[in-house]
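A.B. asks: Sequence first, predicted model second:
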Amino acid sequence: MRLYDDPVEVRRGETEGPDQFLWHGRLWKVRSVLAHWVETAPWWQSAGARAVIGSDAGAGPTLADAGPATDLLVERELWRVEAGRGSGATGAERAGVFDLSFSWADGSWQLVGCAD
């Protein structure tokens, strides 16, 4: 799977999950949700955690460094979906498996992985 960090526009369907997404000007239709999970920010990389264990050297700032109260609150929801574009009738359809991430912190969607 190739890794990305590309913003995408997502349209939700009748369910909670993504129904369609727009990536690089192309509309992809979600055929099925393969997996769904929630990840927290890497709190162990926060400045507070590094200070407690004495490993401040060599580590750069992370998302968890936004503030001490947010270390455990930053979450993103991930959806692994199978999606395609095209009608399929002409055999010109493209399809792939995509990882879409929804950030609860700012309400944004990112495409974080793709296997096509």
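C.D. replies: Structure's in. What do you need? Computed from a predicted structure; not experimentally measured. Numbers count the residues shown, from 1 in each chain.

A.B. asks: Using CSV, write down the CA coordinates of the helix or strand of the chain with the lowest mean pLDDT.
C.D. replies: Of all helical and strand segments in the chain, the minimum by mean pLDDT, DSSP states H and E falls on helix 47-53, at a mean of 75. Extracted in CSV, the C-alpha atoms of helix 47-53 (Å, rounded to 0.1, in the frame of the first residue of the first chain):
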residue,chain,number,x,y,z
ALA,A,47,6.6,16.6,25.2
GLY,A,48,5.2,15.7,28.6
ALA,A,49,5.7,11.9,28.1
ARG,A,50,9.3,12.5,26.8
ALA,A,51,10.1,14.7,29.8
VAL,A,52,8.8,12.0,32.2
ILE,A,53,11.0,9.3,30.7
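
A.B. asks: Okay, buried residues for that helix please.
C.D. replies: 47, 50 (16 or more other C-beta atoms under 10 Å). All C-beta spots, glycine's among them, are computed from the backbone N, C-alpha and C.

A.B. asks: the strands in the chain, which residues?
C.D. replies: Here the chain has its strands, by DSSP state E, at 2-7, 9-12, 18-23, 26-40, 75-85, 94-103, 109-115.

A.B. asks: mind checking which of those is nearest residue 48?
C.D. replies: strand 26-40 (14.9 Å; C-beta to C-beta).

A.B. asks: Just list whatever residues bridge to the residue positioned nearest the centre of the chain.
C.D. replies: The residue lying closest to the centre of the chain (C-alpha atoms, centre = their mean) is residue 101, at 1.9 Å. As for beta bridges, residue 101 partners with residue 78, residue 110 under DSSP bridges.

A.B. asks: ok, it - contacts?
C.D. replies: By C-beta atoms under 8 Å, 6 or more residues apart in numbering, the contact set of residue 101 is 76, 77, 78, 79, 109, 110, 111, 112.
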